[in-house]
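Undergrad: I would like the atomic coordinates for the input below:
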Amino acid sequence: MSHDHTPTVAPTYSIPVGPLHVALEEPMYFKIDVEGETVKHVGINAGHAHRGIEYLTTKRTIYQNVVLTERICSLCSNSHPQTFAMAAEKIAGIEVPERGIYLRVVADELKRIASHIFNVALLVHLTGYETYFMHMMQVREICQDTLESVFGNRQDIGAMCIGGVRYDVDEKSIAYILAQLARIEPEVRDFIKTFKSNGTILRRTKDVGVLTHANAITCGVVGPVARGSGIDYDVRREATYAAYDRLPLMVHTQTDGDVWSRAMVRLEETITSIDLVRVCLRDLPGGDAHIHDRPDIPPGQAIARTEAPRGEVFYYLRTNESAQPERVKWRVPTYMNWDALRFMLQDAKVADIAIIVNSIDPCLSCTER
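TA: Numbers count the residues shown, from 1 in each chain. Model prediction:
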């Protein structure tokens, strides 16, 4: 009687992930080659959400483009008009009033708090911890209410303008913001404790979707994705703008480069953002929040960059004699970060694909402009 000892070979096949799938509200298509339950190759297909906004900017005036660039993406909506305005101000030699640069930081960091909590809440949702997901979204709602009360809107807050900001705060507004932050901070500290101790979260995020320090540099990743892999880089410190050179900015990094590390960077940055807003409101200078005219932007070209919630946003602006810009070009963090998914998804389990994709906090609206 013979016995066949040939080892069982796991079946290999290709599965589509997207363009509509669980990790994203936006279309992104992956062709995944798997062996059994293990990912062996990743093909990324982009281009499902192209809207031609870069072209549209050349059909609008410089000042109209402050409104248009805010519509590129809702979660990064404050970073785009701010970076665009900085480039225009550089060409025209416009100096933003002191009060304006502090209020730019307030708007920037309030949006960062909302964005980071939203991404980490989605991660918890994808691990199946629905109760905690709902709790985290309740906490984010405190921040969303703050945005609506201070700026008049929850997503596209319309805070930025060329030459400063379009909003101002009084003593009542300041007291309200500080009270809201006092509600959010202990909750975020509790999130950090939970991420360090909860077995469900640790099992689904530790050593999952690893991006080594070397591969992070190879892909040129930015933002929390880079800092989660030990790259100590933040535009707010390296190419400081607004009032960040006067503020106690802490740059948080982790070394393991896994899903857990990227989530922890975002949670720790949320605490820092709360501190930055408090310091800005405490040290807020008097005077105007913006210049009181709309000067013509002369012919020229400039670049500007800021640290959006997802990482470095880079703008190039070229102007000529007309009111419309000759060229506007931006590079967003997801453009580099999603290339790193090839490394993160290699040898991952099919069940972890959505979690890993979510961990780069992808923004397709920004990328496929």
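
Undergrad: Past the helix or strand Leu202 falls within, which element shows up next along the chain?
TA: Element membership for Leu202 (DSSP states H and E) is helix 199-205. Per DSSP H and E, helix 199-205 leads on to helix 213-219 as the next helix or strand towards the C-terminus.

Undergrad: So Glu307 belongs to a strand, correct?
TA: Yes - according to DSSP: H, G, I helix; E, B strand; the rest coil, Glu307 belongs to a strand.

Undergrad: ok, it - how many residues close by?
TA: Applying other C-beta atoms under 10 Å, we find 28 residues neighbouring Glu307. Glycine gets a C-beta too; all of them are placed from N, C-alpha and C.

Undergrad: and the gap between it and Ala226?
TA: 11 Å (C-beta to C-beta, to the nearest Å).

Undergrad: May I see the buried residues of stretch 163-179?
TA: By neighbour count on 16 or more other C-beta atoms under 10 Å, the buried set for stretch 163-179 is 163-167, 169, 174, 176-177.

Undergrad: Rounded mean pLDDT for it, please.
TA: Across stretch 163-179, the average pLDDT comes to 95.

Undergrad: go on, stretch 339-358?
TA: 89.

Undergrad: How far does that stretch sit from its chain's centre?
TA: 19 Å (C-alpha atoms, centre = their mean, to the nearest Å).

Undergrad: pull the CA atoms of that stretch into CSV?
TA: C-alpha atoms of stretch 339-358 as CSV (Å, rounded to 0.1, in the frame of the first residue of the first chain):
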residue,chain,number,x,y,z
ASP,A,339,3.1,53.4,-3.4
ALA,A,340,4.3,52.0,-0.1
LEU,A,341,1.2,49.7,0.1
ARG,A,342,3.2,47.3,-2.2
PHE,A,343,5.5,46.7,0.7
MET,A,344,2.9,46.8,3.4
LEU,A,345,0.6,44.3,1.7
GLN,A,346,3.4,41.9,0.8
ASP,A,347,2.7,38.6,2.6
ALA,A,348,-0.2,40.1,4.5
LYS,A,349,-3.4,38.1,5.0
VAL,A,350,-6.5,38.9,2.9
ALA,A,351,-8.4,39.8,6.1
ASP,A,352,-5.9,42.6,6.8
ILE,A,353,-6.0,44.3,3.4
ALA,A,354,-8.6,46.9,4.5
ILE,A,355,-6.9,47.6,7.7
ILE,A,356,-3.5,48.2,6.0
VAL,A,357,-5.0,50.4,3.3
ASN,A,358,-6.8,52.5,5.9
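
Undergrad: one step back: tell me which two in the buried residues of stretch 163-179 are the farthest apart.
TA: The distance between the two most remote of the buried residues of stretch 163-179 (C-beta to C-beta) is 26.1 Å, for Gly163 and Tyr176.

Undergrad: All the strands of this protein, residue numbers only.
TA: 12-17, 29-35, 38-45, 160-161, 164-165, 300-308, 311-319, 325-331 (DSSP state E).

Undergrad: Out of those strands, which gets nearest to Ile91?
TA: Closest among the strands of the chain, once you apply C-beta to C-beta, is strand 300-308, at 4.0 Å.
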